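Trainee: need a 3D model of the sequence below.
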Amino acid sequence: MVKLSVNINKIATLRNSRGGNNPDVLKAAMDVQRFGADGVTVHPRPDERHIRYNDVRQIRKIITTEFNIEGNCREQKFMDLVLETRPNQVTLVPDELGQITSNHGWDTIAHKDYLSAIIKIFKDAGIRTSIFVDPVIEMVEGAVDTGTDRIELYTQAYAEEYDHNREKAIKPYVSAAEVAIRNDLEINAGHDLDLKNLKYFAANIPGLEEVSIGHALISDALYFGFENAIQLYHRQLK
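Mentor: Got it, this is the predicted structure:
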């Protein structure tokens, strides 16, 4: 079954909006595991507007499932944090400063040398690497040349097109996944996947290992409850 990693950034956003420690991000990370998810994802940013760097350090101490840290490796502070905490996986995302959310994948051709050097640092530290990429064959082929272990397919375009023509929406993702498989790259996916579009995506992407879902799942938890929301998403992946 495809693994579900829950991104808890939005819980930290809610906490930070009021100050104090309610909701408790550390408890949320423990509950994600207790409620049956396969991993926890965090995406710290320089302004710490949601997950704080110290949150990452504290979560690392209690994590028993897979721990995935996403972020911009062009920030030295991020590099240092990942090497300090040694998560199971680091996902490299080409964020710009002040960006609300991730909105594009790496140009793996233009940044090949840079990505190769960064990936080597993490792999030498025993950390699995994943690169955030658009579903473009050339970008997947470029990712192969960087030495990364995985790619994470950026799924916003799929989510936006799903209601109009789901067969058309998923076609470039299938093609990208097939190229990845031929080149021994493992496949993750994430961004705007939800209870409506997740099952179709998981059923049609060959070799899909893991999805990382935050905003939609946390939003659904407001109506269904946190544990139930996690279980609902899990069922879509069976």
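Trainee: show the contacting residues for the closest residue to Trp106 other than its chain neighbours.
Mentor: Closest residue in space to Trp106, ignoring its immediate chain neighbours: Pro94 at 5.0 Å, by Cβ to Cβ, 6 or more residues apart in numbering. In this view, the C-beta of every residue, glycine as well, is placed from N, C-alpha and C. By Cβ atoms under 8 Å, 6 or more residues apart in numbering, the residues touching Pro94 are 72, 74, 104-107, 111, 132.
Trainee: now do the same for Pro94: its pLDDT.
Mentor: The model reports Pro94 with a pLDDT of 91.
Trainee: ok, back up a step: can I get the contacts of Pro94 in a markdown table with pLDDT and neighbour count?
Mentor: Shown next, in a markdown table, are those (pLDDT from 0 to 100; neighbours: other Cβ atoms under 10 Å):
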| residue | pLDDT | neighbour count |
| --- | --- | --- |
| Asn72 | 92 | 20 |
| Arg74 | 90 | 15 |
| His104 | 71 | 15 |
| Gly105 | 87 | 23 |
| Trp106 | 93 | 24 |
| Asp107 | 94 | 16 |
| His111 | 95 | 17 |
| Phe132 | 95 | 23 |
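Trainee: below-threshold pLDDT in the protein: ranges please.
Mentor: Applying pLDDT under 70 to the chain flags the ranges 96-103.
Trainee: for this structure, what spans make up the strands?
Mentor: Along the chain, the segments classed as strands by DSSP state E run 3-7, 39-42, 66-71, 89-92, 128-133, 150-154, 186-190, 208-213.
Trainee: put together TSV for those, with distance to Lys238 on each row.
Mentor: Formatted as TSV, the strands of the chain follow (distance: least, Cβ to Cβ, whole Å):
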stretch	distance to Lys238
strand 3-7	11
strand 39-42	17
strand 66-71	19
strand 89-92	22
strand 128-133	23
strand 150-154	20
strand 186-190	16
strand 208-213	13
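Trainee: still on that earlier bit, ok, the residue nearest to Trp106 to Ala125 distance?
Mentor: The gap separating Pro94 from Ala125 is 21 Å, by Cβ to Cβ, to the nearest Å.
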